[in-house]
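>>> any chance you can model this:
(chains A and B)
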Amino acid sequence: AQSVTQLGSHVSVSEGALVLLRCNYSSSVPPYLFWYVQYPNQGLQLLLKYTSAATLVKGINGFEAEFKKSETSFHLTKPSAHMSDAAEYFCAVTPNNNDMRFGAGTRLTVKP
Amino acid sequence: DAGVTQSPTHLIKTRGQQVTLRCSPKSGHDTVSWYQQALGQGPQFIFQYYEEEERQRGNFPDRFSGHQFPNYSSELNVNALLLGDSALYLCASSPNPLAGNEQFFGPGTRLTVL
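Have a look, this model is predicted:
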């Protein structure tokens, strides 16, 4: 069964520092991988998705993620954190578009 | 273009009651999925509707049921509410269930069961 594991339930960075949120997946078939962001009391917004077209995926708000099959990873990065990046981030995997399976989430805190 | 909309925003029920949550998909989308997000956790897939049929179901009891209407809007019904049903219920829509299509999420309905 496909699943994702997000390493670190809480990540804290200083404003301007690198953001690295970790996601490892488990899949017996080529996966479709997603990163979503959730601001307080809101739904989920798509940051980026991997659908096998390119291993380095660029998303909105300066975020990007690299698919590494050898490491079964899909880590999310941003070169310079902004205060507005503080939110909950979810990695998700789906073998199709029916059953999207989410990780437990990583809460990002940005310190001034 | 309106995105995914859900109603109501908040709901308070007591144990044993029944609740109906509503969702209107994004324009042009014909597939609706429902998720339950407990506090501090990631969303869990409940089921997906396409062409007014339940296409796939997650690991939820039969107390959770749904419906999709010809205009693609959807309802989630939960019977015999338990305290553990307290959660944020998210609706997501997508343009037909093709692999790789992202799902667009609504703001959710916060259900509290007392």
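
>>> tell me which residue is most central in the chain.
Going with chain A. The residue lying closest to the centre of chain A (C-alpha atoms, centre = their mean) is residue A:35, at 3.7 Å.

>>> let me rephrase: I mean chain B.
Residue closest to the average C-alpha location in chain B (C-alpha atoms, centre = their mean): residue B:34, at 3.0 Å.

>>> next up, the contacts around that one.
B:23, B:45-48, B:66, B:74, B:76, B:89-92 (C-beta atoms under 8 Å, 6 or more residues apart in numbering or on different chains). From N, CA and C alone the C-beta is placed, and that goes for glycine too.

>>> okay, and the residue in chain B positioned nearest to chain A sits in which element?
Taking C-beta to the nearest C-beta, chain A has its nearest neighbour within chain B at residue B:42, 3.5 Å off. Assigned by DSSP states H and E, residue B:42 belongs to no helix or strand.

>>> packing partners for the helix or strand hosting the residue nearest to the centre of chain A?
Here residue A:35 sits within strand A:32-38, counting by DSSP H and E. Packed against strand A:32-38 by the contact rule (3 or more C-beta pairs under 8 Å, 6 or more residues apart in numbering or on different chains; DSSP states H and E) you find strand A:19-26, strand A:44-50, strand A:64-68, strand A:73-78, strand A:87-94.

>>> what does chain B have sitting close to chain A?
B:4, B:31, B:33, B:35, B:40-45, B:48, B:55-56, B:58, B:90, B:92, B:94, B:96-108 (C-beta under 8 Å from any C-beta of the partner chain).

>>> sorry, back to before: quick one: residues contacting the residue nearest to the centre of chain A.
Residue A:35 sits next to A:21, A:23, A:46-49, A:59, A:63, A:65, A:74, A:76, A:89-92 when contact means C-beta under 8 Å, 6+ apart.

>>> and which of those residues is nearest to residue B:70?
residue A:46 (27.4 Å; C-beta to C-beta).

>>> what's the closest non-adjacent residue to that closest one?
residue B:102 (5.0 Å; C-beta to C-beta, 6 or more residues apart in numbering or on different chains).

>>> tell me what the residue of chain A found nearest chain B is bridged to.
Going by C-beta to the nearest C-beta, chain B is nearest to residue A:102 of chain A, at 3.5 Å. Taking DSSP bridges as the rule, residue A:102 bridges to residue A:92.

>>> and for it, the neighbour number?
Per other C-beta atoms under 10 Å in any protein chain shown, the neighbour tally for residue A:102 reads 23.

>>> residues touching it, list them.
A:4, A:36, A:90-92, B:42-44.

>>> turn these into TSV, columns for pLDDT and neighbour count.
As requested, those are exported to TSV (pLDDT from 0 to 100; neighbours: other C-beta atoms under 10 Å in any protein chain shown):
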residue	pLDDT	neighbour count
A:4	92	23
A:36	96	26
A:90	97	26
A:91	96	30
A:92	94	28
B:42	93	21
B:43	95	28
B:44	95	17
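
>>> and chain A, which of its residues are near chain B?
A:32, A:34, A:36, A:41-46, A:49, A:51, A:90, A:92, A:94-105.

>>> please name the residues that touch residue B:92.
With contacts defined as C-beta under 8 Å, 6+ apart, residue B:92 is in contact with A:44, A:100, B:4, B:32-35, B:103-106.

>>> which ones among those residues map onto strands?
Using DSSP state E, the members of the contacts of residue B:92 that fall in strands are A:44, B:32-35, B:104-105.

>>> and the two most separated of those?
Pairwise distances across the ones in strands among the contacts of residue B:92 (C-beta to C-beta) peak at 14.8 Å, for the pair A:44 and B:32.
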